[in-house]
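Colleague: need a 3D model of the sequence below.
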Amino acid sequence: MPPLHRRLVLCFLILAAAAAATTAASISTPAELAVASHPLSPLRLPPAAPFAGGGEGGGGGGGPFCTRVHIRGRPSRLRDPSRFFHALRVRANATRPSGLELCFHRNATVGPCKCAASQCHKMAKSGLWVQAISPYDTRVLDFRMPSDPSRSIIVSTEEEFLLHRVVFLLLGMVLMAVAHTLSESVVFYYGGAMTIGIFLVILIILFQGMKLLPTGRKSSLAIFVYSSLVGMTTYFLHYLSGLLRSVLVEIGIAEDMHNPLGVFLLVSVILAGAWFGYWGVRKLVLTEEGSVDAGVAYFVEWAILIISAVMILQSSLDYLFAFSALLFCTAIKAVSRIEGKSRVLRCLSRAFSNIVPTGYEGFGEEYSSMNGSHQDGFSKLHGEYMRSTPKRNSLRSRKTLSQDLATDSYYSTFHTNPERKKFSEEEYAAFTREETHKAMKQLVSSPDFNRWALANVDRISVTPPQRTPQNSMSQQRKRLFGLF
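Modeller: Numbering: from 1, shown residues only. This next block holds a predicted model:
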């Protein structure tokens with residue numbers, strides 16, 4: 001008969017082996033669901049295994065059960081970038097949703113059903129759970145449920161094209177491109193303010209009209225919010241139209257006049273809202289000279305840029321793709337704002353025309369004509385020079401070179417002067433003021449100007465002195481803070 005300590009060691013080994021077997025059986029083999037193949041048939045999960053350490057009876061037959069699904073998205077964004085506007089919808093359908101909990105996370109190192117309690121969600125009573133993720137994402141879906149052999153869970157994936165993501169990208173790019181132009185456009189401020197004013201007047205009328213409802217004055221705000229959310233406004237408009245018709249009938253106005261009066265009332269409301277927006281723009285946006293306030297324009301430009309950036313980030317469920325699109329649009333915006341880009345492109349076009357002797361002489365002229373607002377006098381002279389000057393080393397150029405040099409003067413647009421003095425903004429303003437003073441002094445001292453001034457004295461007016469930059473900035477700050 002073996003000694004007592006040998007029996008204890010043998011019993012301990014048997015218990016350890018049984019515990020290891022129970023632990024191995026408690027973790028079910030996770031099911032794989034690859035999105036790259038995009039299976040048409042849904043995945044039916046295998047029977048769940050008992051979850052070890054899941055509470056009372058953990059590891060036994062009556063304890064909680066756990067099943068895990070690995071959802072693997074498309075392997076590479078660079079190899080398959082066509083899913084930029086797509087969403088991968090993961091659906092889980094359970095026959096008996098009572099007591100079923102699920103956890104949707106990214107950490108595959110965590111054991112089955114051991115994620116944080118804040119990440120666990122109960123299955124809806126309908127038994128359907130849907131979540132949209134990026135087509136390139138990899139997720140883990142854990143199911144935790146009580147023992148129920150008749151329960152079945154089906155997991156499926158579906159890629160869906162989202163049209164509104166395309167709209168977000170296009171709107172974001174357009175707004176980012178025209179942000180600076182809109183911020184300095186008076187038409188934009190007037191149009192936007194008038195539109196907002198019309199809606200505000202309509203909302204004020206609706207809010208005041210809510211007090212006429214049988215519910216009383218105390219709950220008018222709650223009813224207004226509710227009507228804005230669920231469509232109660234339609235009912236109120238019908239009620240208000242009936243009330244107005246009854247009032248008009250009691251006054252003695254025939255029913256034939258109801259529609260013209262309604263149209264007149266609608267036009268009056270629109271004009272009142274437009275006047276409200278016009279007054280707001282005149283008081284808060286425009287300066288005394290009629291131009292857009294610099295502080296307001298700066299704020300509006302950055303507001304439009306922020307809105308466009310948010311739209312571009314919302315153009316894709318994949319954050320890397322969305323951030324890359326934002327960087328690309330920002331780079332294009334930065335390049336388009338660089339000063340002197342037309343001159344650089346003209347130099348490149350001249351270099352290219354020297355290499356390839358074809359009809360590219362007018363490229364610089366066409367680009368300058370497209371950018372007429374940025375074209376100076378030297379570029380215009382250079383365009384005329386390009387049109388009138390023949391090709392280098394040609395017979396016509398050799399014959400007329402001496403004659404042209406003797407009769408015409410050509411301004412250099414490509415040579416640089418290293419000794420040229422660079423002015424700061426203050427020095428340039430002082431230099432301009434001094435030269436203007438000299439020119440005006442010469443003009444006034446001429447006899448022709450004196451004769452013209454005597455003949456047109458009734459047409460001469462003196463404008464008030466301009467504001468200093470300090471006063472202008474202080475007034476802009478006051479106007480900007482007064483806006484809020």
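
Colleague: care to break the chain down by domain?
Modeller: 27-161, 186-291, 341-393 (automatic domain parsing).

Colleague: show me which residues of whichever helix in the chain runs longest are buried.
Modeller: When the chain is parsed with DSSP state H, its longest helix is helix 258-284. The neighbour-count check on helix 258-284 (16 or more other Cβ atoms under 10 Å) flags 272-274, 276-277, 280-281, 284 as buried. Yep, even glycine has a C-beta here, placed from its N, CA and C like the rest.

Colleague: try stretch 93-100
Modeller: Going by 16+ other Cβ under 10 Å, stretch 93-100 has these buried residues: 93-94, 97, 100.

Colleague: from those, pick the one nearest residue 193.
Modeller: residue 93 (50.9 Å; Cβ to Cβ).

Colleague: got phi/psi on the closest residue to that closest one other than its chain neighbours?
Modeller: Among residues not flanking residue 93 along the chain, residue 154 sits closest, at 4.8 Å (Cβ to Cβ, 6 or more residues apart in numbering). Backbone dihedrals for residue 154, given as degrees, to the nearest 10, come out at phi -120, psi 130.

Colleague: neighbours of residue 154, how many?
Modeller: 15 (other Cβ atoms under 10 Å).

Colleague: mind listing residues that contact stretch 450-461?
Modeller: residue 444 (Cβ atoms under 8 Å, 6 or more residues apart in numbering).

Colleague: do I have it right that residue 253 meets residue 262?
Modeller: No: if you go by Cβ atoms under 8 Å, residue 253 and residue 262 don't touch, sitting 11.6 Å apart.

Colleague: what is the longest helix of the chain packed up against?
Modeller: Judged by 3 or more Cβ pairs under 8 Å, 6 or more residues apart in numbering; DSSP states H and E, the packing partners of helix 258-284 are helix 186-209, helix 232-251, helix 469-483.

Colleague: that one vs helix 186-209, what angle?
Modeller: 120 degrees (axes from the mean of the first three to the mean of the last three Cα atoms, to 10 degrees).

Colleague: buried residues in the very next helix or strand once past helix 258-284?
Modeller: Using DSSP states H and E, the helix or strand that follows helix 258-284 towards the C-terminus is helix 294-313. With burial defined by 16+ other Cβ under 10 Å, the residues of helix 294-313 counted as buried are 294-297, 300-301, 304-305, 308-309, 311-313.

Colleague: ditto for stretch 316-335
Modeller: Quick answer for stretch 316-335 (16+ other Cβ under 10 Å): 316-318, 321-322, 325-326, 329, 333.

Colleague: looking at these, which are in helices?
Modeller: When the buried residues of stretch 316-335 are checked against helices (DSSP H), the matches are 321-322, 325-326, 329, 333.

Colleague: got these as TSV, with distance to residue 77 columns?
Modeller: Output for those, formatted as TSV (distance: Cβ to Cβ, whole Å):
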residue	distance to residue 77
321	7
322	12
325	12
326	15
329	18
333	24
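
Colleague: who's residue 105 bridged to?
Modeller: residue 140 (DSSP bridges).

Colleague: hmm, residue 118 and it touching each other?
Modeller: No: contact status for residue 105 versus residue 118: not in contact, 10.6 Å apart, counting by Cβ under 8 Å.

Colleague: of these two, who's got more company?
Modeller: Counted by other Cβ under 10 Å, residue 105 and residue 118 do not tie: residue 105 has more neighbours, with 14 against 7.

Colleague: thinking again about what came up before, confidence score at the residue nearest to residue 93?
Modeller: Listed pLDDT for residue 154 reads 83.

Colleague: which residues of this protein score low on pLDDT?
Modeller: 1-42, 46-64, 148-150, 209-238, 240, 258, 339-421, 464-484 (pLDDT under 70).

Colleague: could you pull out the strands in it for me?
Modeller: Secondary structure of the chain by DSSP state E: the strands cover 31-34, 43-44, 49-50, 65-72, 86-94, 101-105, 120-122, 128-133, 138-145, 153-161.

Colleague: can I get these in JSON lines with distance to residue 178?
Modeller: As requested, the strands of the chain are arranged in JSON lines below (distance: least, Cβ to Cβ, whole Å):
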{"stretch": "strand 31-34", "distance to residue 178": "44"}
{"stretch": "strand 43-44", "distance to residue 178": "48"}
{"stretch": "strand 49-50", "distance to residue 178": "60"}
{"stretch": "strand 65-72", "distance to residue 178": "41"}
{"stretch": "strand 86-94", "distance to residue 178": "29"}
{"stretch": "strand 101-105", "distance to residue 178": "40"}
{"stretch": "strand 120-122", "distance to residue 178": "43"}
{"stretch": "strand 128-133", "distance to residue 178": "31"}
{"stretch": "strand 138-145", "distance to residue 178": "39"}
{"stretch": "strand 153-161", "distance to residue 178": "28"}
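
Colleague: and residue 208, which of the ones you listed is closest to it?
Modeller: Nearest of those (Cβ to Cβ): strand 128-133, 41.8 Å.

Colleague: now the angle from that closest one to strand 101-105?
Modeller: Using the same axes, to 10 degrees: strand 128-133 against strand 101-105 is 10 degrees.

Colleague: in terms of secondary structure, what does strand 128-133 contact?
Modeller: strand 86-94.

Colleague: partner strands of the strand it packs on and their direction?
Modeller: strand 128-133 (antiparallel), strand 153-161 (antiparallel).

Colleague: in CSV, list the C-alpha atoms belonging to that strand.
Modeller: Extracted in CSV, the C-alpha atoms of strand 86-94 (Å, rounded to 0.1, in the frame of the first residue of the first chain):
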residue,chain,number,x,y,z
HIS,A,86,-17.4,52.7,-48.2
ALA,A,87,-18.5,51.4,-44.8
LEU,A,88,-18.4,47.9,-43.5
ARG,A,89,-21.6,47.0,-41.7
VAL,A,90,-21.3,44.2,-39.2
ARG,A,91,-24.6,42.6,-38.3
ALA,A,92,-25.3,40.1,-35.5
ASN,A,93,-28.7,38.4,-35.3
ALA,A,94,-29.7,36.2,-32.3
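
Colleague: list the buried residues for that strand?
Modeller: Quick answer for strand 86-94 (16+ other Cβ under 10 Å): 86-88, 90, 92-94.

Colleague: which one of the residues you listed is nearest residue 244?
Modeller: residue 87 (47.6 Å).

Colleague: how about the closest one, nearest residue that isn't a chain neighbour?
Modeller: Using Cβ to Cβ, 6+ apart, the closest residue to residue 87 is residue 132 (4.5 Å).

Colleague: all good on my end, thank you.
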